[in-house]
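Engineer: Model the structure of this input:
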Amino acid sequence: MSTNIPKFASFRPKAKPPVEPKPNPLPVTTPQVEEPSKKELSSAISDRRSRVDGEAPHISYYSDRKGDRAILTYGTLNRYEIPTYRRHGYGRVIGLHPSCRIDPDLSTNAEIFVSQSKRRQEERPLANRHAIKGTGRSLRFVQSGNTFADDLDQDFVALSAVRRRRHKEDDSPDGHYNSLEQINASVEPSDSEADYEPDTAQSGPNAEVTLRNSLLIQRTHEDPTDIQAWQELIDHQEQMMKLDRDSSELGSSDRRHLADVRTSTYEKALRKIGPDQESQIKLHLGLMAEASRIWDEGKLTSKWADVLAKYPSKLELWMQYLDFVQSTFSSFKYENCRATFQNCCRISKASNGTAAPEEILHIIIRMTMMIQQAGYQELAIAIWQALLEFCLMKPSVSTSTGPEEYLSLFEEFWESEVPRIGEADAEGWRSFHADKHPLEPPTDSVSLDQPDLSASVFEVFRAQELDNIDKLRFPGRTTDKLGEDDAFHLILYSDIEDFLRILPQQLSSTLVLEAFLCFCHCPSLPGTDTHQAAWLLDPFICAYSPRPPLKAHVSDLFAQAAEKFLSCPSSWYRMTTEHLFDWGFPDDVDATLVRGVVKLLALKASSDEVVGEYLLGLESKYFPTDAFRSAKRLLKARPNSLRLYTAYGLVESRRGNPAKADQVFSAALAMHKSDTSFGVPGRLQLFDSWVWEALRRGETSEALWRLVSSHGEVSKRPENTRAEPDQTVLLRGRTILTEATERALLGQHYTTAVVCSSLLALLTYLSGGQDPQSALSFHQNLMSWFSDHKLSQSLAAELNAQSIAKFLQFHASNAPIVKPRLMRTTLEPLISQFPNNTILLGLYAANEARFSIDDRVRGIMQQTTLKSSKGNSIVRWFFAIYYETLKGEIAATSHSIRALFTKAEDDVGSHCPALWRSHVLFEIEEAKKERARRPTKRPRKDGKKRKDETRLEESYRRVKDTFLRGMTQLPWCKDYMMLAFTHLKEEFLNQEELRKVYDVMVEKELRLYVELEA
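Structural biologist: Just a heads-up that it's a prediction; the model follows:
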């Protein structure tokens, strides 16, 4: 053996004298090392403990029971204390199987990898994620032809059986030098008897993605003016970014990199797109959206100035610019932001009719919500009172009266300080006469609470501020004593005149009412058009209002799960009359103001019937005792309105009077017995509600008889009440509904066709042994008809999808055997078609709640609703978060919910007040749970923190970090910043930090009723 065997005399071995080479080396014996005595060991331990500055002990070995704390600090051993050694055995490890060896390719100085020394299996191209990265191509030798028999007659061995071809001038491939044909025609191998193996780049797992990218690039080269090709290329860059990644989701840095790539592509497209203005506007919209992630504020401001100077009247660009102005924390000022909104409205009015009324009202909704959230709630409500009075309650005067005369008359009405629309005893501008006993202005009936001087400064500030916000909601008058010292509480005509001048000349009364309901976070009117989606899905407008779950009508577990998932605090679906009475209204609505506005408009003779229907739904929710009187008053004014009879019947049904409701439905249907084809307006809806009222109570036989009794009177049945109608009666009922469906489609009354198809499906289902497939075929045929006529995304198509969901919910709650696959296969294509519809998502989640292992809800959310970073809506994120919250601790954790919040805030919810508020409240709740989970214990003797204390500190830190990040994204939102004083308080923020939050509100010019001393 060699003499260089390591001797553990010390951790720093002494230098050995050089060994002279010997011509004839003799065998070397192993030196004997004497074992150290106990005295030497004890001295070594003491020497180890007293060692300073790397001084090593001078013994062979010793026992160290304390260890070196520096190992935990630096994560590795001190290399100066490691003795010299050599390895033996070619990577084998003592104690392991001889086939296990240290892998030199994978091992590093910090980690050692052990693998079995057997021949590696060939990697499959489809399973190798790095297969596409290979640049070289492998060769294989092939037989060139049947020349073996000829070679036997030769007296030599041919090295190649293929003769070299002569190069001709026309052998070069034609086409563009950068074309795909030129790229695919790769160079042949030098050996004529060799051929390339199949190209991994064309057969790998990412081949389709890369090939599509090449095709899109080629399309933009061939036709630079093709806006569709540029858009597809830009959108496809996200798929290119996800290549060779373990996860399909992009992180924050990846999204910034993607934004950088897309920004450069947008700029290139703008240089080559040509003079088409519409294409340039689309590209500018995409460019500014992506540039907001990577450009600084100065560059964005300069670019926006150039874009708006080039296209000053394009409302799409102005809407995106308003997002930038409202959400930029460093430069936000309330007055500047409000002036920008007003300037946008003036430009839209001067655009000579190019801006639709829905778009102008969208800007007004955004502006008034910004004003309200900034603390100026009196001005926001005053603006809407002025708009409603000026547009809906205008008095009848001479036709020659011009706009200025109307403004002068309205100034006289406003300065009289009579009760305005939405307030108690208001009669409207139409009934105002200055010289005929004007009404007295309302008097103060409340007073502000006195502060508690014994409380802390911030507690007094919180109590007084909330008291002022609650009691000073409506605009003040000159005669008010409450708030007379507040300059912003009194709203004069001069404060609202500019907002009246920016209104378009012609505005629909129903459209203005819908905009006001959107401002109040109320549900929309039943049967509204697609403009509601643009309003309610706007992250700046979207609300997150907790809704109480519906009362289960049956004890079925599926029905309870469906009602739980359908009660998402932020929802989107097409409003119907039934939905309005069931779960349309949230809890945190200013019901008094909305009721005052809707009631005054419903009693107006020229108003639409849907306004009265909405009033009954509102009072049924918040004022159930007054709903009967309102219904009686409305029916007295309009005795032939079947729509109001339907609403009144639903009021009685929801109040727990089913017999009274059936009596109302039957009496209203009997008013038009001769109309068996449902030609009278509102009769089909009344008939549908009558049928479903029986199904709600579980009376399937009664519902079947009602389906064949279109005149409203059920035929007398035999003593056996479960007897079904005969085939003649069923055939007549099918014929009536089929003809009504066809007539509605020909007349383009698509909503009527949806109701008729749903009733026809119910009739087939109840009379045909409750077969769901036969009933669904009617809905699917109607959906196919919509697709063939390019109406697959219309209001009627989404209503048809909701009818399918309604039928499936009824079938799953009442059928003895339900196949989950039926609901899954039926709902999945509908969710792909309408990914924002929370009725479809909620029913799908209720169906999959029984299969928690195979979580298909997460899968469909990732595949259809949250798949791409472009086109997502805030409602989808809200539903994903709500779903994770309902799953509980078994199938979901706080980390998964927190991850969804973070992803939503990095996506479309970056400037959504409702999302940030929900995130902060979630973190506060998690911190309280962590605190309750860690009871107070005595501190450790060594002074170190326990693990539970560390986790509690981390939960408190997350609350603080989340709140501060939200402040930078919502510089206009006082309601959000007040969370520091109402929820976080001194438990999560110290007094200095609370003072800084107050200073930020002052700096951003937000409205504060109470002033803190410096």
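Engineer: Isn't Y622 up against G584?
Structural biologist: No. Y622 is beyond contact range of G584, at 11.5 Å (criterion: Cβ atoms under 8 Å). Heads up, the C-betas are built off the backbone N, CA and C, glycines and all.
Engineer: These two: which is more packed in?
Structural biologist: More crowded of Y622 and G584, by other Cβ atoms under 10 Å: G584, with 23 against 16.
Engineer: ok, now which ones touch the closest residue to that one other than its chain neighbours?
Structural biologist: Spatial nearest neighbour of G584, chain neighbours left out: P523 (4.1 Å); criterion: Cβ to Cβ, 6 or more residues apart in numbering. Applying Cβ atoms under 8 Å, 6 or more residues apart in numbering to P523 gives the contacts 517, 575, 579-580, 584-585.
Engineer: if we go to 10 Å?
Structural biologist: Residues near P523 by Cβ atoms under 10 Å, 6 or more residues apart in numbering: 517, 532, 536, 571, 573, 575, 579-580, 583-586, 589, 614, 617-618.
Engineer: okay, who's weakest in those by pLDDT?
Structural biologist: Ranked by pLDDT, those bottom out at G584, which scores 73.
Engineer: What's the separation between it and E297?
Structural biologist: 41 Å (Cβ to Cβ, to the nearest Å).
Engineer: Y614 now?
Structural biologist: 44 Å.
Engineer: So for those two, which sits in the more crowded spot?
Structural biologist: Y614 (27 against 13).
Engineer: shouldn't the more buried one be in contact with S524?
Structural biologist: Yes. Counting by Cβ atoms under 10 Å, S524 is a contact partner of Y614 at 9.2 Å.
Engineer: Could you name every residue contacting both of these two?
Structural biologist: 513, 517, 575, 580, 584.
Engineer: Give me the secondary structure label for G89.
Structural biologist: coil (DSSP: H, G, I helix; E, B strand; the rest coil).
Engineer: so what's it up against?
Structural biologist: Residues in contact with G89 (Cβ under 10 Å, 6+ apart) are 98, 101-102.
Engineer: So among these, which ones count as buried?
Structural biologist: 101-102 (16 or more other Cβ atoms under 10 Å).
Engineer: out of the contacts of G89, which are inside strands?
Structural biologist: Here DSSP state E is the test, and the contacts of G89 give 101-102 as lying in strands.
Engineer: now, among the contacts of G89, which is nearest to I217?
Structural biologist: Lowest distance from I217 to those (Cβ to Cβ) belongs to I102, with 46.7 Å.
Engineer: Report the buried residues of stretch 989-1004.
Structural biologist: Buried-residue list, stretch 989-1004, by 16+ other Cβ under 10 Å: 989, 993-994, 997-998, 1000-1001, 1004.
Engineer: no no, stretch 508-526
Structural biologist: So stretch 508-526, judged by 16+ other Cβ under 10 Å, has buried residues 509-526.
Engineer: so of the residues you listed, which ones are in helices?
Structural biologist: Counting by DSSP state H, the part of the buried residues of stretch 508-526 found in helices is 509-519.
Engineer: sorry, back to before: and the contacts of G89, which is closest to G649?
Structural biologist: Comparing every one of the contacts of G89 with G649 (Cβ to Cβ), the shortest separation belongs to I102, at 81.6 Å.
Engineer: I'd assumed Q116 was in contact with that closest one.
Structural biologist: No. Here I102 does not reach Q116: they are 11.5 Å apart, not a contact under Cβ under 10 Å.
Engineer: Touching both of the two, which residues are there?
Structural biologist: Each of L96 lies in contact with both I102 and Q116 under the rule Cβ under 10 Å, 6+ apart.
Engineer: where are the low-confidence patches of the stretch 151-300 of the chain?
Structural biologist: 151-205, 244-248 (pLDDT under 70).
Engineer: Run through the strands of it in chain order.
Structural biologist: 194-196 (DSSP state E, counting those that start in this stretch).
Engineer: before we move on, the earlier item: will you turn the contacts of G89 into TSV that also has pLDDT?
Structural biologist: Shown next, in TSV, are these (pLDDT from 0 to 100):
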residue	pLDDT
P98	81
R101	84
I102	86
